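Engineer: The sequence and its predicted three-dimensional model are supplied below.
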Amino acid sequence: MELSTPILITGSAGFVGRNLVETLRRIGYTNLLCFDRNDTLDTLKSYCQQAGFVVHLAGINRPKDPSEFYSGNTGLTETLLASLEAADNKAPVLVTSSVQAELDNDYGKSKLEAENAIFAHGDRCGSPVYVFRMEGVFGKWCRPNYNSVVATFCHNVANGLPIQVRDPNFSLPLVYIDDVVQCIMDAFDGNVMCDRSMHPICHIHPVHETTLGHLAETIQGFAAGRTNLAAPDLYPGSLEKKLYSTYVSYLPEDGFSYPLTMHCDARGSFTEILRSPERGQCSINQIKPGIVKGNHWHNSKTEKYLVVSGTCTTRLRKVGTDKVYEIVTSGDKLEVIDIPTGYTHNIENTGTETASVFMWVNEPFDPEHPDTYPLTV
């Protein structure tokens, strides 16, 4: 779809709407017709005359009175469609519904009625229509203590508040906001995942299946990582990766930073940053001028050194041989040194100021199995 195409987005200031609008603006869409609760129906009618594509996100999910489900979900949908038909606008219409449309409750019934209205509009007008039944959506900017358990857990844990897990085994299908936005944008070109040949229901993908207990443990683990330095699972596309990004977005503004334990002595300091059984350990080593650290070797552990400030000389010697290799690196030209297994090694600050060295080792230090053997280079 052309970047200049007028796109009507109802519920544009809501959770999904805000993420969609910001993404479209970043990509370069220049004609977004944003409609939200503070706008008038006259504005909606005007937008319906202009729209080249309609994304209908507005709805009600936590009303004071159940009747508001029908006015806010079914009623607004019918008003939108009537305005399009009055303008003889056959633009494609995409609506976000809920998997609860299959359930016998007022929210689900109102969503099902809105779906049927969309399908009837498509039949009458020949307009392409897309109905996305969504699972629980999570991600940045979602309102906590409202209708998303992920948002509530992330907000409460990040702010040191308790969470309640009534049934740890309760099954919880989830979709991530960035995936929702991508699926909506895919529909701009008719690229959707649907079932049913008649009046197809479209699906956000991927769907992540988890349990309430696992969700709580995972999010609490993110908070604990600031103390135990455990790195989260960050496999591409994984639920944990998406939950971690969501969790961090709920940190209070006075809690963005956190202290680390610096192990200091006359030689400088050693500070661990992150550790993971799968990805090893990261740390910062500060070395005062003239100080030598190391003089040991490993059977299986391998390291990387990166001098980020100051000047250091790294020396390596294969165990059982006499030849010493020297490598001088500094913060003026960043260069990584691989420390092979079977080589005794040390690092000396050969500059005039305290040096800072970023170090990575392929396994976290285990005092019961240190795999570290003293030997002067």
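Structural biologist: Sure, I can see it. Numbers count the residues shown, from 1 in each chain.

Engineer: can you give me the helices in the protein?
Structural biologist: Counting by DSSP state H, the chain has these helices, from start to end: 15-27, 41-50, 67-69, 76-86, 106-125, 149-158, 177-187, 212-228, 239-249.

Engineer: I'd like to know which of those helices is closest to Asp265.
Structural biologist: Of all those, helix 212-228 sits nearest to Asp265, with 22.9 Å by C-beta to C-beta. Bear in mind the C-beta positions are built from the backbone N, C-alpha and C, glycine included.

Engineer: can you tell me which residues contact Pro289?
Structural biologist: The neighbours of Pro289, taking C-beta atoms under 8 Å, 6 or more residues apart in numbering as the test, are Asn349, Gly351, Thr352, Glu353, Thr354, Ala355.

Engineer: Just to check, the last one is in contact with Ser309?
Structural biologist: Looking back up the chat, that one is Ala355. Yes: between Ala355 and Ser309 there is a contact under C-beta atoms under 8 Å: 6.2 Å.

Engineer: When these two are compared, which one has more neighbours?
Structural biologist: Neighbour tally, Ala355 and Ser309, criterion other C-beta atoms under 10 Å: the higher count belongs to Ala355, 26 against 16.

Engineer: So for Ala355 and Ser309, which residues contact both of them?
Structural biologist: Gly331.

Engineer: Name the surrounding residues that touch stretch 240-259.
Structural biologist: Contacts for stretch 240-259 (C-beta under 8 Å, 6+ apart): 138-142, 144, 150-151, 154-155, 157-159, 176, 178, 208, 215, 218-219, 222-223, 226, 232-235.

Engineer: mind saving the C-alpha coords of it as PDB?
Structural biologist: Provided in PDB are the C-alpha atoms of stretch 240-259 (Å, rounded to 0.1, in the frame of the first residue of the first chain):
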ATOM      1  CA  GLU A 240      10.900 -14.900  27.200                       C
ATOM      2  CA  LYS A 241      12.600 -12.400  24.900                       C
ATOM      3  CA  LYS A 242       9.400 -10.600  24.300                       C
ATOM      4  CA  LEU A 243       8.400 -10.700  28.000                       C
ATOM      5  CA  TYR A 244      11.800  -9.300  29.000                       C
ATOM      6  CA  SER A 245      11.400  -6.300  26.600                       C
ATOM      7  CA  THR A 246       7.900  -5.800  28.000                       C
ATOM      8  CA  TYR A 247       9.100  -6.000  31.700                       C
ATOM      9  CA  VAL A 248      11.800  -3.400  31.200                       C
ATOM     10  CA  SER A 249       9.300  -1.000  29.800                       C
ATOM     11  CA  TYR A 250       7.500  -1.000  33.200                       C
ATOM     12  CA  LEU A 251      10.500   0.000  35.200                       C
ATOM     13  CA  PRO A 252       9.900   3.200  37.200                       C
ATOM     14  CA  GLU A 253      11.800   6.200  36.000                       C
ATOM     15  CA  ASP A 254      13.800   6.300  39.300                       C
ATOM     16  CA  GLY A 255      14.700   2.600  38.800                       C
ATOM     17  CA  PHE A 256      16.300   2.500  35.400                       C
ATOM     18  CA  SER A 257      19.800   2.000  36.900                       C
ATOM     19  CA  TYR A 258      21.000  -0.400  39.600                       C
ATOM     20  CA  PRO A 259      24.300  -0.900  41.400                       C
END
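
Engineer: Buried ones in it, by neighbour count?
Structural biologist: Glu240, Lys242, Leu243, Tyr244, Ser245, Thr246, Tyr247, Tyr250, Leu251 (16 or more other C-beta atoms under 10 Å).

Engineer: again, but for stretch 49-61
Structural biologist: Those would be Ala51, Gly52, Phe53, Val54, Val55, His56, Leu57, Ala58, Gly59, Ile60, for stretch 49-61 by 16+ other C-beta under 10 Å.
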